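K.L.:
Whatever this is, show me its structure:
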Amino acid sequence: MTKERKGLFLSVMILLAVIVSLALLPTLSAADSHESDVEIEGMVKATEKDDAGKATAVSIEAGDAEYDVMLDDQGKALLEKVGTKVKAKGKVVEKEGKKMMTVTETEDVP
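P.N.:
Numbers count the residues shown, from 1 in each chain. You can find the predicted model right below:
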């Protein structure tokens, strides 16, 4: 094989490797984030506060797990329940080791 052909062959192989890597990237990302329906019971805690000390982000601590709550309408309602024990239903996605919960129902637990 001539030097020019070797260079062309190497270039084609590198390009092929890049294309295959890019094609697999969405598959690897999707494997990291599996969505599941859950029902948990735990304490609502503030994870972020504004300058006035009001909760701007919350999570629910349930056993050894902590679920960061997405702030849609149901999630925003939990901003007022910091320090309250609740039962929550919703969908959980785990990404990069963190559990993110979209809450669909909540009720206070005595």
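
K.L.:
so the closest residue to A65 other than its chain neighbours is in which element?
P.N.:
Residue nearest to A65 in three dimensions, not counting chain neighbours: K99, with 6.2 Å by C-beta to C-beta, 6 or more residues apart in numbering. Every C-beta, even on glycine, is put in place using the N, C-alpha and C of the backbone. Element membership of K99, judged by DSSP states H and E, is strand 98-108.

K.L.:
distance between stretch 76-94 and the chain's centre?
P.N.:
Relative to its chain's centre, stretch 76-94 lies at 15 Å (C-alpha atoms, centre = their mean, to the nearest Å).

K.L.:
Just the terminal-to-terminal distance for that stretch.
P.N.:
Stretch 76-94 has an end-to-end distance of 20 Å (criterion: C-alpha to C-alpha, to the nearest Å).

K.L.:
Now do the buried residues in it.
P.N.:
Across stretch 76-94, burial judged by 16 or more other C-beta atoms under 10 Å covers L78, L79, K81, V86, A88, G90, V92.

K.L.:
so L10 sits in a strand?
P.N.:
No - L10 is assigned helix when assessed by DSSP: H, G, I helix; E, B strand; the rest coil, not a strand.

K.L.:
so how many other residues sit close to it?
P.N.:
10 (other C-beta atoms under 10 Å).
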